[in-house]
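**Q** Predicted coordinates and the sequence they were generated for:
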Amino acid sequence: MTDANSTWRVAIVGSGPAAFYTAEALFKSGVDGVTVDLFDRLPVPFGLVRGGVAPDHQKIKGVVKVYDKIAANKGFRFFGNVCLGRDIQVEDLNAHYHQVVYAFGCESDSKLNVEGEDLAGVYAATDFVGWYNGHPDHRHHQFDLHNAKRVALVGNGNVAMDVARILLASPDELAKTDIAEHSLETLRKSTVEEVVLLGRRGPAQAAFSPKEIAEIAALPNADVVITKKDAAIDELSAAWLAKDGARSNQRNADFCTKQAELGEGEHPKKLRCRFLVSPTALHGQDGKLTSVSIDHMQLQADDSGTPRPRPTGESEQVPIDLLFKAIGYRGEPVPGVPFEDRKGIVPNEAGRVVEKLGGDVRVGHYAAGWCKRGPTGLIGTNSLDAKDTVAGMLADYEAQNLISPSKDDIAPLLAERAIDAVTWADWQRLDAWERKEGESRGKLRHKLTSIEELMTVIAELRNK
């Protein structure tokens, strides 16, 4: 239990990596008696580690062991199934805490903003990722994989790689993971044979990691196909690689060059990597997607010498059955919390929330993770980001530049409102249940995919 009379009470909204790393930095701040309450609108913690990391990437999901240790601090509490803007308001947090941290990430997708984006068969990769991971927000989606042979993927970052790999992987192998059962059933009926990756820049600037593209090349039933034209490194990119390119950029360029030498390959499924192309329109028949128009691009140096794609005037139309937009996550506004629409973030200065960019600081309010900086970086990036935010929080604590709460423990307020808040002990029981149920099904974990199902099982486990 936390000490409700602590001289430093902090609420964190969200329970993904940014939230846990913020809690960790607070507990390591050197201030005795700091208490941290994490709130999540879902009954389960861990954010994108649970709902975003691909089911065949269990090593990455192992980071939750770190979060379990953070949760073991005596000043930690978890309030799952509590939604800011619905169950509690910002004013409630102000009444109970000295500081509030927003760490709720980015939950929607970025748009292509091209003609035909509303056609049937055009999907957001964020929806697909949530769907196969059993996220309650996405269980209702349906993807017409059993009537499709060729799928286009716009973007070539690691989310696009995950989507491509799930589409091309063996369902029998996926069945051993914690993939959602409803999605596995659909993937078993899939007729997808070819995934076409559309990237605006060249192979040297590809956003995927070398490990991610190599994983697809290692699939037993799929080939990564890159033409020699697409794999070619122009003079500008070669100069940029030598001067500013990271090691991963060079590895990607080398991979593409070597892969181009292998030709079509002999496996039934293909990932075709296209570079220097950008979709300009989506076409359909009877409301259903049939093709995508793409402009060919060339790289030109900007004022800093960085290669940027520019249209050449040449275009083509590619027949496709489905298209996934994998061009990034985007934040959504939360009631009572400032929002910067252009960037899709909570406006802030070094983690301190401001009413608008360049505006007044909202005393005692902070941001961490994706809602602070946008959807960039890996899971570990959130650790450094959280430490940066907590440094400002500690400075404000020492200066007593804080919210002045009029009340202490928020738990009685939740009880008064009949909000069925999920505790960390509730989660631990559910975690054990999911693992046991998964084992009985020959998989790592059996995820429940609706809030109603989750809360029903949690209630049953409480009474055992």
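**A** That came through, no problem.

**Q** Next one: Cys371 relative to Phe275, how far apart?
**A** 32 Å (Cβ to Cβ, to the nearest Å). In this view, the C-beta of every residue, glycine as well, is placed from N, C-alpha and C.

**Q** Quick check on the two: which one has the bigger neighbour count.
**A** Cys371 (29 against 26; other Cβ atoms under 10 Å).

**Q** tell me which strands and helices the worst-scoring helix or strand of the chain on mean pLDDT is in contact with?
**A** Least confident helix or strand of the chain, by mean pLDDT, DSSP states H and E, is strand 108-109 with a mean of 78. In terms of contacts (3 or more Cβ pairs under 8 Å, 6 or more residues apart in numbering; DSSP states H and E), strand 108-109 is packed against helix 125-132, strand 329-330.

**Q** looking at these, which has the lowest confidence?
**A** Lowest mean pLDDT within the helices and strands packed on strand 108-109: strand 329-330, at a mean of 82.

**Q** Can you name the next helix or strand after it?
**A** Downstream of strand 329-330, the next assigned helix or strand under DSSP states H and E is strand 348-349.

**Q** That next one - contacts with which helices or strands?
**A** Strand 348-349 packs on strand 361-367, going by 3+ Cβ pairs under 8 Å, 6+ apart.

**Q** same question for the strand it packs on, mean pLDDT?
**A** Strand 361-367 shows a mean pLDDT of 98.

**Q** which other residues reach it?
**A** Outside strand 361-367, the residues that touch it by Cβ atoms under 8 Å, 6 or more residues apart in numbering are 94, 97-103, 338, 345-346, 348-349, 351-355, 389, 392-393, 396, 401-403.

**Q** what do you get if the cut-off is 6 Å, keeping everything else the same?
**A** In this structure, residues lying in contact with strand 361-367 by Cβ atoms under 6 Å, 6 or more residues apart in numbering are 99-102, 346, 348, 351-354, 389, 393, 402-403.

**Q** where does the stretch 1-150 of the chain have low pLDDT?
**A** Within the stretch 1-150 of the chain, the stretches falling below the threshold (pLDDT under 70) are 1-5.

**Q** So which residues of it form helices?
**A** 17-27, 48-51, 58-61, 64-71, 90-96, 125-132 (DSSP state H, counting those that start in this stretch).

**Q** how far is the second one from where the chain is centred?
**A** Same thing as helix 48-51. Centre-to-centre, helix 48-51 and its host chain are 7 Å apart (Cα atoms, centre = their mean, to the nearest Å).

**Q** Likewise for the third one?
**A** Shown here is helix 58-61, whose average C-alpha point lies 14 Å from the average C-alpha point of the whole chain (Cα atoms, centre = their mean).

**Q** for the last one, same thing?
**A** Computed by Cα atoms, centre = their mean, the separation of helix 125-132 from the middle of its chain amounts to 10 Å.

**Q** Report all helices and strands that that helix contacts.
**A** helix 158-168 (3 or more Cβ pairs under 6 Å, 6 or more residues apart in numbering; DSSP states H and E).

**Q** And the contacts of the helix it packs on?
**A** Helix 158-168 is contacted by residues 54, 125, 128, 132, 153, 192, 195, 208-209, 212, 216, 219, 222, 269, 271, 324, 326 when judged by Cβ under 6 Å, 6+ apart.

**Q** out of those residues, which are inside strands?
**A** Leu153, Val195, Ala222, Lys269, Leu271, Phe324 (DSSP state E).

**Q** The fifth one - how many residues pack around it?
**A** Using other Cβ under 10 Å, the number of residues around Leu271 comes to 24.

**Q** which residues touch it?
**A** By Cβ under 6 Å, 6+ apart, the contact set of Leu271 is Ala164, Val195, Ile216, Val224.

**Q** mind redoing it with 10 Å?
**A** 153, 161, 164-165, 167-168, 194-197, 213, 216-217, 219, 222-226, 259 (Cβ atoms under 10 Å, 6 or more residues apart in numbering).

**Q** coming back round to it: now render the ones in strands among the contacts of helix 158-168 as TSV, adding distance to Ala25 and pLDDT.
**A** Shown next, in TSV, are the ones in strands among the contacts of helix 158-168 (distance: Cβ to Cβ, whole Å; pLDDT from 0 to 100):
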residue	distance to Ala25	pLDDT
Leu153	36	97
Val195	40	98
Ala222	42	97
Lys269	44	98
Leu271	40	98
Phe324	36	97
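
**Q** Any chance of a ChimeraX selection covering the buried ones in those?
**A** Remark: buried members of those, expressed as a ChimeraX selection using 16 or more other Cβ atoms under 10 Å:
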select :153,195,222,269,271,324
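
**Q** quick check, nearest of the ones in strands among the contacts of helix 158-168 to Leu299?
**A** Closest approach to Leu299 among these (Cβ to Cβ): Leu153, at 21.1 Å.

**Q** wait, doesn't that closest one sit right on Val277?
**A** No - assessed by Cβ atoms under 10 Å, Leu153 is found out of contact with Val277, at 11.8 Å.

**Q** between the two, what contacts are shared?
**A** Here Leu153 and Val277 have Val196, Leu197, Leu198, Gly199 as joint contacts, going by Cβ under 10 Å, 6+ apart.

**Q** residues in contact with Val63?
**A** Pro17, Phe20, Phe46, Val49, Val53, Ile379, Gly380.
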